[in-house]
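The following comprises the amino acid sequence and a computationally predicted model.
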Amino acid sequence: MVFNSFEFLLFFVFVYAAYRFMRHRTQNLFLLTASYFFYGSWDWRFLFLLFLSTVVDYFCAQKIAVSTDSKPKKAWLIFSLCVNLGILGFFKYFNFFAESLSGLFVSCGVHIDIITLKVILPVGVSFYTFQSISYIVDVYWKKLKPERNFLDYALFVAFFPQLVAGPIERAQHMIPQFKSPRVITAQKNKEGVWFVYWGLFLKVFVADNMARIVDIVFKQSGQIPGVEVLLGSYAFAFQIFGDFAGYSFIAMGVARLLGFDLLSNFLFPYFVTNPRDFWRNWHISLSSWLKDYLYVPLGGNRNGELKTYRNLMLTMFLGGLWHGAAVTFGIWGIYHGVMLCVHRSMTAVKKKNPIRLESSLWKHSIKVVLMFQLTCLGWLIFRADSVGQLKDMVNSLLFNFGSYSQKAPYLACQILFYSWMLLLIQAVQKRRNNLFPFMESRGLWPLVVYVLMYYMLLFWGEFGGQEFIYFQF
Amino acid sequence: MRLVNIINNYFSVTDPRFSVSLLTEIATIIVLFLILSLRKPRWFKIGYFVLFVLLLRCLLFGNQFSWGLYYQQLTVDEVGWRQQSVINVEYYKFFKYPGKKYLAVGSSQTYVMYQDYSKKHNNITVINLAGMTPIDFFLYRKYITARKPEYVLLYLSEFDLAKEPSLPAARSDPPQGLDFLRQLPVYWELSKTAHKERELKEMMVMELFPEYKYSFVFKGLVQKLMKKNEALGIQSLYEKLHPDSEELKKEIGGTLEQMDGRWIKYQVYFLREFFEYCRDKHFKVVIIEGQYNPLVRNESTARLNDLTRVEIAKLLKEFNEVGYIPTADTMPLLASDFDDAVHVKKESALRYVPTLLNKLEAMYTTGSEKK
């Protein structure tokens, strides 16, 4: 049951209508039931996995809190981490590692049979596992008291708007909201409706149309005109943003209509001028999770420059692999790690030798465009089906850029057509530093934007209920 | 002067009811807009939004100029056969119809059969949609009766009745309003049988948002503007499906293979609904037994032919006013009369139609309406 489906519309209308007439505690129980139903609609068998993860972390957190000695405390933490990472590792990486190991042996001339299982990836497993880990680690670090109420904790893990593709929430942020009675104001409703509308637009109009353009480019093999590769990477940049940010905004909108605030997951990632800002605007809940639970525990920037670079690289590499068991995701992580290291060193050099340059809109725009190119190169790595295809595409970009392409003008027009509204709204959001840029606007033009979006959605939207890219992660 | 001519021309060809209804709709929207602006209730922004959407709906779909533009600009290569014929029907909906004696309704078979004859003779006109079957007769019933014919001619055989009532195609048929809810159980059952649940869901959404129904128009315009077919090397459908092409043979062969007796009950259901509507509105319907290339007939089509005849006989008992002309009473068509499996040659059609109309004249003047 994806957000852009008819089933979800019916589901949400029913949940919302019933929810509004309930009292606070009943609302939580009802939301938990609805969340399990929502998750079970993919595959009911994975409900057990979700429940197992919930029960284990709930009890481990209680045990950690009551342990006065550090040893049992640590033991409970390790047990919880093993269960969570075990689930994640088995379902996400088992086949990849088994096949890679087998390939390694074959390349050494040794033929051995390593069992590979037809493991189906439970939808959203990476998201709720990370959410649970953050909870247990926070309890261990005494940043958080363990939640006594099992219902509230289970709802924190399974809350349906953000269950399958984030934002990866923090217990400090969500549990107090579950505990207090809902206050649903007209303002919250307006914001919720805008988020849902905007998210749906991003998914159905931008992402799913860009997907067709991306497929035209990436389904080709061998040497293709470099300009097509470039356009394919642009299209994918908008597709993945539309897809993932679209999901996150719908999640935020749905949650807001139910009276909850979720963490912002996306701001204006294609309007930034450096890689550090990119990660402050892109998949914020994951990058902040990686920072808090990986980069900082590794030492962060506290142990000298060299170790900082090591920590950055390791964090980004693991962040890349979080997306899935594929070499290209690892390379993508390393690529971003390198960009962050280079940016860090350049910033350090600039601090030592301050050269005052007048900032202007032009210079800023050039920086934004350059950063966008670097981001798109990253997306090329991310989207490539294999390392072989990546090599071919990079070759095309470098050595076959000028060759004639019959498709290029068409692809370019398509990309412009499906991205101009997104860019326009993001530019206004960025300028006003507000995700609700038209809420307080007067005059007719916000209305023109809403109606235009409505018609763009209905005329060119792809309403096939296509799945979201991040479900596979 | 030119403007006066345009206005004169417009009113000489356009049914004034459409102009009046368009002007009324726009005037109502403006009045409501003014009321909202003066009173400013809490929900006035939502009100503006709805009015703006309705206004654009009128401008994009509620008038002959827009449909004329789509009709002029879009070919089957941009939108596909079915969609192009939908644009055609929508565009011609706005014209004045003096009420020709016969209106032939059906698929491309009907089109090739009557089109050339209707150009030369004033007593017959055609409404055709690619792949039109009884479900579409029902969904287009208001369009059919709006032409005010004395007789509605349906060219039907097992080829039409044993064909799956296409929900994907029905998505671009006119919105049904409350009638959609009345028919929902049948659509539901049909979607389950045909594994077209998604299409049914889309139909439901389209009833609420009719703009989505005609999204193919705007998709087509954008593709044309961006020269999609040239850029991606997509072959023209006209070339791809010309009468001698292998593609066409494959397509028709595929359709013949997909003929299945289980669809007959659904098609008959919609045929019955259509007959009831025509009865209420006092229009006469005549079923002419359709013919297709004898070379593609086989045991299976013969069995389906029997089933079809039985079902039609039952319908005729139920609807006394519906006429029926079996193949035996018309000009039997030979293999040499066909361009392909189902489409008759122009010259054969020009021979067939007069004999059919003579038969009809004879039937209805002598009063022997039933066979």
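Now that the structure is in, tell me what you want to look at.

When you work out contacts or count neighbours from here on, use the C-alpha atoms and nothing else.
Noted.

Just the closest residue of the stretch 301-450 of chain A to chain B, please.
Nearest residue of the stretch 301-450 of chain A to chain B, counting by C-alpha to the nearest C-alpha: A:Lys407, 4.8 Å away.

pLDDT value on that residue, please?
A:Lys407 is assigned a predicted lDDT (pLDDT) of 88.

Might you report the residue contacts of it?
By C-alpha atoms under 8 Å, 6 or more residues apart in numbering or on different chains, A:Lys407 lies in contact with A:Glu228, B:Ala231, B:Leu232.

ok, now how distant is the closest residue to chain B within the stretch 201-350 of chain A from B:Asp77?
Nearest to chain B in the stretch 201-350 of chain A, going by C-alpha to the nearest C-alpha, is A:Ile216, at a distance of 9.1 Å. Separation of A:Ile216 from B:Asp77 (C-alpha to C-alpha, to the nearest Å) stands at 19 Å.

How about B:Asn298?
According to C-alpha to C-alpha, B:Asn298 stands 34 Å off from B:Asp77.

If you count surrounding residues, which of those two has more?
B:Asp77 (18 against 10; other C-alpha atoms under 10 Å in any protein chain shown).

Quick one: the strands in the stretch 51-200 of chain B, in order.
Applying DSSP state E, counting those that start in this stretch to the stretch 51-200 of chain B gives strands spanning B:102-106, B:124-128, B:151-156.

Show me what the second one is packed against.
So the one you mean is strand B:124-128. helix B:81-93, strand B:102-106, helix B:108-120 (3 or more C-alpha pairs under 8 Å, 6 or more residues apart in numbering or on different chains; DSSP states H and E).

Need the contact partners of it.
Against strand B:124-128 from outside (C-alpha under 8 Å, 6+ apart): B:85, B:89, B:100-108, B:110-111, B:114-115, B:118, B:144.

what about B:Val344, neighbour count?
B:Val344 - counted by other C-alpha under 10 Å - has 27 other residues nearby.

residue contacts, the residue nearest to it when sequence neighbours are not counted?
Excluding the flanking residues, the one nearest B:Val344 by C-alpha to C-alpha, 6 or more residues apart in numbering or on different chains is B:Phe338, at 4.2 Å. Residues in contact with B:Phe338 (C-alpha under 8 Å, 6+ apart) are B:Tyr292, B:Asn293, B:Val344, B:Lys345, B:Ser348.

A:Glu147 belongs to a strand?
No - assessed with DSSP: H, G, I helix; E, B strand; the rest coil, A:Glu147 is coil; it does not lie in a strand.

Please work out how many residues are found near it.
Using other C-alpha under 10 Å: A:Glu147 sits among 18 other residues.

Check the gap between the nearest residue to it once chain neighbours are set aside and A:Pro167 for me.
Of all residues not flanking A:Glu147 in the chain, A:Tyr153 sits nearest, at 6.3 Å (C-alpha to C-alpha, 6+ apart). For A:Tyr153, the distance to A:Pro167 equals 17 Å [C-alpha to C-alpha].

cool, and A:Arg280?
14 Å.

ditto for A:Phe459
For A:Phe459, the distance to A:Pro167 - C-alpha to C-alpha - is 30 Å.

And the two? Which one has more around it.
A:Pro167 (27 against 19).

got a list of what the more buried one touches?
A:Pro167 touches A:Phe127, A:Ser248, A:Leu262, A:Leu263, A:Ser264, A:Asn265, A:His283, A:Ser285, A:Leu286, counting by C-alpha under 8 Å, 6+ apart.

Report the secondary structure element holding the first one.
Element membership for A:Phe127 (DSSP states H and E) is helix A:125-140.

outside of that helix, which residues touch it?
A:53-54, A:57, A:60-61, A:64-65, A:73, A:77, A:80-81, A:84-85, A:88, A:144-146, A:157-158, A:163-171, A:289, A:293, A:322, A:473.

Taking these, please make a ChimeraX selection of just the buried ones.
Buried subset of those, written as a ChimeraX selection, criterion 16 or more other C-alpha atoms under 10 Å in any protein chain shown:
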select /A:53,54,57,60,61,64,65,73,77,80,81,84,85,88,144,145,146,157,158,163,164,165,166,167,168,169,170,171,289,293,322,473
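
Give me the pLDDT for B:His242.
So B:His242 comes in at 66 (pLDDT).

Tell me which stretches of the stretch 201-350 of chain A form strands.
Counting by DSSP E, counting those that start in this stretch, the stretch 201-350 of chain A contains no strands.

which residues in it form helices?
A:208-218, A:226-257, A:275-281, A:284-290, A:305-322, A:327-352 (DSSP state H, counting those that start in this stretch).

Export those to JSON lines and append columns for distance to A:Phe417 and mean pLDDT.
As requested, the helices of the stretch 201-350 of chain A are exported to JSON lines (distance: least, C-alpha to C-alpha, whole Å; pLDDT from 0 to 100):
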{"stretch": "helix A:208-218", "distance to A:Phe417": "10", "mean pLDDT": "92"}
{"stretch": "helix A:226-257", "distance to A:Phe417": "11", "mean pLDDT": "94"}
{"stretch": "helix A:275-281", "distance to A:Phe417": "24", "mean pLDDT": "94"}
{"stretch": "helix A:284-290", "distance to A:Phe417": "28", "mean pLDDT": "93"}
{"stretch": "helix A:305-322", "distance to A:Phe417": "31", "mean pLDDT": "91"}
{"stretch": "helix A:327-352", "distance to A:Phe417": "28", "mean pLDDT": "90"}
